[in-house]
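Peer 1: Give me a model of this one.
(one chain, ligands or ions: 1)
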Amino acid sequence: MQLQGKAAIVTGSTSGIGLAIATRFAREGAKVMLNGFGEKDAIEKLRRGLADETGVEVRFSPADMSKPAEIRAMVAEAEEAFGAVDILVNNAGIQHVALVEDFPDERWEAVIAVNLSAAFYATKAAVPGMKKRRWGRIVNIASAHGLVASTQKAAYVAAKHGIVGLTKVTAIDYANDGITANAICPGWVLTPLVQKQIDARAAAQKIPVAQAAEDLLREKQPMLQFTSPEDLAALALFLVSDAAKTVTGATYTMDGGWTAQ
Ligand code: NAD
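Peer 2: Numbers count the residues shown, from 1 in each chain. Sure thing, here's the model as predicted:
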C-alpha cells in the first residue's frame, strides 16, 4: 500500500492504460478521480467496483479534456472532495491518421487539445496545491511518438513531442517545490486506441486481424509483443513513489526497443 493517504487524478481512465493506472493506484491506497468518456452505467459500475474492491474513495469526473474550464472544474472538485491532488496523470488521448495535406483542421485541433493542451491546463490547475503542500507527482503519458515520428500522424506526433517538452519545463519550474514531472513513452499497447488502427489495416489490406496486429508490431518494434497496461501502471507507480523523488524531467520508454533503433 504505497499510496495510502494520497489522492490522484488519472485523465482518460475509463479505458486502456489510464484505467490500469487508476486501478493500480487505488489498490495501493490512493483516492482516485476517474475521468473519460463512455456509457454512464458502465462507468458507474467501474467506479463502484473499484471502490468496493479497494475500500478507497473513487470518484468520476465527466470533464471533456478538450475544454479548459471543465479541466479546471475537475481539479477543483478533486481538491474539494479529497482535500488534495497529490498525483496527476495526464493520460487522455486520441488519434487521427492522415497525410498532412489531407489532415482535417478540426482533427488537428482536437488531437492537440486532448493530447497536449489538456495536460497543460490540468498541470496549471493542480500545481498551486502541490506547491503549497510541497509534494506532487505529475506523470504524462506520451508515446514512442514523443521521440520519433511515423507517417500520417502529424497531430499525434506533434502533441506527443510537445508533452515531452511540457514535462521537462514543468520539472525544472518546480524542481525545488517537492514536485516531479516525468513522461512515459509506450510503444504498442493493445487498447481500443490501437485496436482501431489494427482493424483499419486488416480491412484496407483484406488480411486477418491477427496478421494485421503482427504486421503493425513488426513495422516498428524489434520486440514482437504488446506492452500491457498493467506493466505501464507499474512504471507509473514507481514514478510517483518516494524512491523516485529525484527522478524528474525524464522520459521513460517502455516500447519493445522501438526507439532504440
Ligand atoms: P484508449 O482509447 O483505451 O483510452 C483513452 C481514454 O481517453 C479513454 O478513457 C477515453 O474516454 C479518454 N478520452 C478521449 N478523449 C477524451 C476527452 N476529450 N476527454 C476526456 N477523456 C477522453 O487509449 P489508450 O491506448 O489507453 O491511450 C491512453 C494514452 O496512452 C493516450 O495518451 C495515448 O496516446 C497513449 N499511448 C497509447 C499507446 C498504445 O499503443 N495504446 C502507445 C503510446 C501512447
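
Peer 1: How much space separates M130 from the ligand?
Peer 2: 21 Å (Cβ to the nearest ligand atom, to the nearest Å). C-betas here are computed from N, CA, C, even on glycine.

Peer 1: Can I take it that that residue is in a strand?
Peer 2: No. Judged by DSSP: H, G, I helix; E, B strand; the rest coil, M130 forms no part of a strand; its state is helix.

Peer 1: quick one, phi/psi of the nearest residue to it once chain neighbours are set aside?
Peer 2: Closest residue to M130 apart from its sequence neighbours, by Cβ to Cβ, 6 or more residues apart in numbering: G136 at 2.7 Å. Main-chain torsions, G136, degrees, to the nearest 10: phi -160, psi 150.

Peer 1: and the gap between G136 and the ligand?
Peer 2: The value you get for G136 to the ligand, if Cβ to the nearest ligand atom is used, is 20 Å.

Peer 1: Was I right to think that residue contacts D86?
Peer 2: Yes. Using Cβ atoms under 8 Å, G136 is in contact with D86, at 6.3 Å.

Peer 1: More neighbours: which of the two?
Peer 2: Counted by other Cβ atoms under 10 Å, G136 and D86 do not tie: G136 has more neighbours, with 26 against 23.

Peer 1: Can you tell me how far that one is from Q152?
Peer 2: To Q152, G136 is 36 Å away according to Cβ to Cβ, to the nearest Å.

Peer 1: How about V189?
Peer 2: 19 Å.

Peer 1: Can you pick out the residue with more neighbours from those two?
Peer 2: Legend: neighbour count by other Cβ under 10 Å for V189 and Q152, higher for V189 (20 against 14).

Peer 1: and A155, how many neighbours does it have?
Peer 2: 25.

Peer 1: make that S117, sorry
Peer 2: 20.

Peer 1: Which pLDDT value goes with it?
Peer 2: Here the pLDDT value assigned to S117 is 99.

Peer 1: Kindly report the same for P192.
Peer 2: 88.

Peer 1: residues in contact with it?
Peer 2: Counting by Cβ atoms under 8 Å, 6 or more residues apart in numbering, P192 touches 15-16.

Peer 1: Isn't P208 up against D199?
Peer 2: No. Assessed by Cβ under 8 Å, P208 is found out of contact with D199, at 11.2 Å.

Peer 1: neighbour-wise, which of those two wins?
Peer 2: Counted by other Cβ under 10 Å, P208 and D199 do not tie: D199 has more neighbours, with 13 against 10.

Peer 1: For the more buried one, which non-adjacent residue is spatially closest?
Peer 2: Going by Cβ to Cβ, 6+ apart, D199 has V209 as its nearest residue, at 6.5 Å.

Peer 1: For the one you found, which residues are in contact?
Peer 2: Contacts of V209 (Cβ under 8 Å, 6+ apart): 198-199, 202.

Peer 1: and the next element down the chain from the longest strand belonging to the chain?
Peer 2: Once the chain is assigned using DSSP state E, the strand that runs over the most residues is strand 179-186. Next in sequence after strand 179-186, counting helices and strands by DSSP states H and E, comes helix 192-205.

Peer 1: Dump that next one to PDB, restricted to CA.
Peer 2: Taking Å, rounded to 0.1, in the frame of the first residue of the first chain, the C-alpha atoms of helix 192-205 are listed here in PDB:
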ATOM      1  CA  PRO A 192      -9.100   0.300 -28.100                       C
ATOM      2  CA  LEU A 193      -7.000   3.100 -29.500                       C
ATOM      3  CA  VAL A 194      -4.600   0.700 -31.200                       C
ATOM      4  CA  GLN A 195      -7.300  -2.000 -31.900                       C
ATOM      5  CA  LYS A 196      -9.000   0.600 -34.200                       C
ATOM      6  CA  GLN A 197      -5.700   1.000 -36.200                       C
ATOM      7  CA  ILE A 198      -5.300  -2.800 -36.500                       C
ATOM      8  CA  ASP A 199      -8.900  -3.200 -37.700                       C
ATOM      9  CA  ALA A 200      -8.400  -0.400 -40.200                       C
ATOM     10  CA  ARG A 201      -5.200  -2.100 -41.500                       C
ATOM     11  CA  ALA A 202      -6.900  -5.500 -41.700                       C
ATOM     12  CA  ALA A 203      -9.800  -4.000 -43.700                       C
ATOM     13  CA  ALA A 204      -7.700  -1.900 -46.000                       C
ATOM     14  CA  GLN A 205      -5.300  -4.800 -46.900                       C
END
